[in-house]
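**Q** Got a predicted structure plus its sequence, pasted below:
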Amino acid sequence: APFEVLVTCVNQDDQDVARAAEKIYKQLLDNGVDVLLDDRALRGGVKFKDADLLGIPVRVTVGAKSLAEGNVEIKLRAESQSQKVPIEKATDKTIDLVNSLKENLKV
């Protein structure tokens, strides 16, 4: 995959959502993660399908509903369910997942 992580901004017109997505994106970049920010004005489903077509293994979704609960959703491409993670732990959790995937590839 060209990127390890996709940060998907759903409801990009919502300032809080856009800011939270941008913050996670920058934190991942600062930690050396190959990350792409998808803040296009498209429906979430289109963005998710594009992520799957690109083969990006980890997707972090920032949306108004989850954010209102203080969470973001993190999903591994290989798994069907996403997991809700507190926003303040999202960057560390994502880095752990990326490192774990890299370790599994070394076997």
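**A** Happy to help now that I have it.
**Q** Which residue, other than its chain neighbours, is closest to Glu69?
**A** Lys84 (7.5 Å; Cβ to Cβ, 6 or more residues apart in numbering). In short, each C-beta sits where N, CA and C put it, glycine included.
**Q** Also Ala78?
**A** Pro57 (7.2 Å).
**Q** Spatially, what comes nearest to the residue most central in space within the chain if we skip its sequence neighbours?
**A** The residue lying closest to the centre of the chain (Cα atoms, centre = their mean) is Val60, at 1.7 Å. Excluding the flanking residues, the one nearest Val60 by Cβ to Cβ, 6+ apart is Val7, at 4.8 Å.
**Q** Show me the beta-bridge partners of the one you found.
**A** Counting by DSSP bridges, Val7 is bridged to Leu37, Val60.
**Q** for it, what are its contacts?
**A** With contact taken as Cβ atoms under 8 Å, 6 or more residues apart in numbering, Val7 is in contact with 21, 24-25, 28, 35-38, 60, 62.
**Q** What segments of the protein are helices?
**A** 15-30, 44-54, 64-68, 90-106 (DSSP state H).
**Q** Contacts for the helix-or-strand element of the chain with minimal mean pLDDT, please.
**A** Least confident element among the helices and strands of the chain, by mean pLDDT, DSSP states H and E: helix 44-54 (a mean of 89). For helix 44-54, contacts defined as Cβ under 8 Å, 6+ apart pick out 1-3, 6, 8, 10, 38, 40, 59, 61, 63, 77.
**Q** Nearest to Lys106 among those residues?
**A** Distance to Lys106 across the contacts of helix 44-54 (Cβ to Cβ) is lowest for Ala1, with 16.4 Å.
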